[in-house]
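[1] Dropping the sequence and predicted coords here.
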Amino acid sequence: SADARNIHLQLVIPETPLVVQGDGARLRQVFWNLLSNAIKFSPLGGSVQASAARDGSSVVVKVADTGQGIGAEFLPYVFDSFRQEDATRTRRKGGLGLGLAIVRHITEAHGGAVDVGSEGGGKGAVFTVTLPLCTGVTFEGVEDGDLSRPQLAGLRVLVVEDDADSRELVARCLAELGATVVGAASAAEARSKISRERPDAIVSDIGMPDEDGLAFVRSLKRQPEHRGIPAIALTAYASERDRQDALEAGYFEHVAKPVQPYHLARVIARAVRPPS
């Protein structure tokens, strides 16, 4: 995980969101795959930077790591299904081929392109996704009709997620928006931290071992001192039935993975500071 290997994660995004048109779930899959790979292949003490910027009529997203790099002879084949670099060489943990083939397929289906660069062994890699910028569009689905950067300054958020990399990613995204974030790897650990940390909101995974997120939030709602803390489900279980199960268990809202930072932040803000 990023925590265990002391990996520094940096998110560089503009104040005003850059908007592209397409299948949000599939595009989130693209960036989730790239970011997960960057964390996975970064060494102890390494760093990963994800950035987004406008370049003319395009949105350019870069995910850069300081890992083992990719050999020049393998670069042309990185996005081919099942084609793997020699496991004894760079990015030696394997398992990249199919995920990156999906990245290319989704990106190109949205009229974009994906590329990779590396200066060789020990010098990391940079994956670049370019997508058409969407301009002059009215977005009816954005909360409050607002595309501005949400702010969570002054809020304490407890993130409950058994996967360390996912927990670190959510924590970094919320911290970038001003929140003070506390992490927990299980429902039991979260329960032990609630009284001490006094969070304003809880963001919890559903599919956790031992005690899942539904049982966790039900137990909180039975405790008078904790039932007032709003909880948001952040989960890969994304069907309408899953959403209803989460709401019936006591969650304020159900948010599907991969995480979309601005959307999650707005849900948290709405839960903690409901409109008057």
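    Cool, the structure landed.

[2] what about the strands in the stretch 51-200 of the chain?
    58-65, 113-117, 125-132, 156-160, 180-184 (DSSP state E, counting those that start in this stretch).

[3] right, so these: which one is the most enclosed?
    strand 156-160 (a mean of 24; mean count of other C-beta atoms under 10 Å). All C-beta spots, glycine's among them, are computed from the backbone N, C-alpha and C.

[4] what sits up against that one?
    Residues outside strand 156-160 that contact it (C-beta atoms under 8 Å, 6 or more residues apart in numbering): 167, 170-171, 174, 179-187, 189-190, 193-194, 197-205, 208, 213, 216, 268.

[5] coming back round to it: between the strands of the stretch 51-200 of the chain, which one is nearest to Leu247?
    strand 156-160 (17.5 Å; C-beta to C-beta).

[6] can you give me the angle that closest one makes with strand 180-184?
    For strand 156-160 against strand 180-184, the angle by axes from the mean of the first three to the mean of the last three C-alpha atoms, to 10 degrees is 20 degrees.

[7] And the average pLDDT for strand 156-160 is what?
    Strand 156-160 carries an average pLDDT of 98.

[8] could I get that strand in PDB with only the CA atoms?
    Presented in PDB, the C-alpha positions along strand 156-160 are these (Å, rounded to 0.1, in the frame of the first residue of the first chain):
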ATOM      1  CA  ARG A 156     -13.200  15.800  10.100                       C
ATOM      2  CA  VAL A 157     -13.900  12.700   8.000                       C
ATOM      3  CA  LEU A 158     -13.400   9.100   9.000                       C
ATOM      4  CA  VAL A 159     -12.600   6.900   6.000                       C
ATOM      5  CA  VAL A 160     -13.300   3.200   6.500                       C
END
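
[9] what about the stretch 1-150 of the chain, any weak spots by pLDDT?
    For the stretch 1-150 of the chain, the stretches with pLDDT under 70 are 1-5, 81-98, 135-148.

[10] Please enumerate the helices of it.
    Secondary structure of the stretch 1-150 of the chain (DSSP state H, counting those that start in this stretch): helices located at 24-40, 97-109.

[11] how far is the longest one from where the chain is centred?
    Taking the mean C-alpha point of helix 24-40 and that of its whole chain, the gap between them comes to 8 Å (C-alpha atoms, centre = their mean, to the nearest Å).

[12] In that helix, which of the residues would be classed as buried?
    Buried residues in helix 24-40, counted by 16 or more other C-beta atoms under 10 Å: 27-40.

[13] quick one, that helix and strand 58-65 angle?
    Going by the same axes, to 10 degrees, helix 24-40 makes 30 degrees with strand 58-65.

[14] Just list the residues touching Val114, thanks.
    Contacts of Val114 (C-beta under 8 Å, 6+ apart): 30, 79, 103-104, 107-108, 127-130.

[15] Output the strands of the stretch 51-200 of the chain as JSON lines; include the columns distance to His8.
    Shown next, in JSON lines, are the strands of the stretch 51-200 of the chain (distance: least, C-beta to C-beta, whole Å):
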{"stretch": "strand 58-65", "distance to His8": "11"}
{"stretch": "strand 113-117", "distance to His8": "21"}
{"stretch": "strand 125-132", "distance to His8": "16"}
{"stretch": "strand 156-160", "distance to His8": "18"}
{"stretch": "strand 180-184", "distance to His8": "16"}
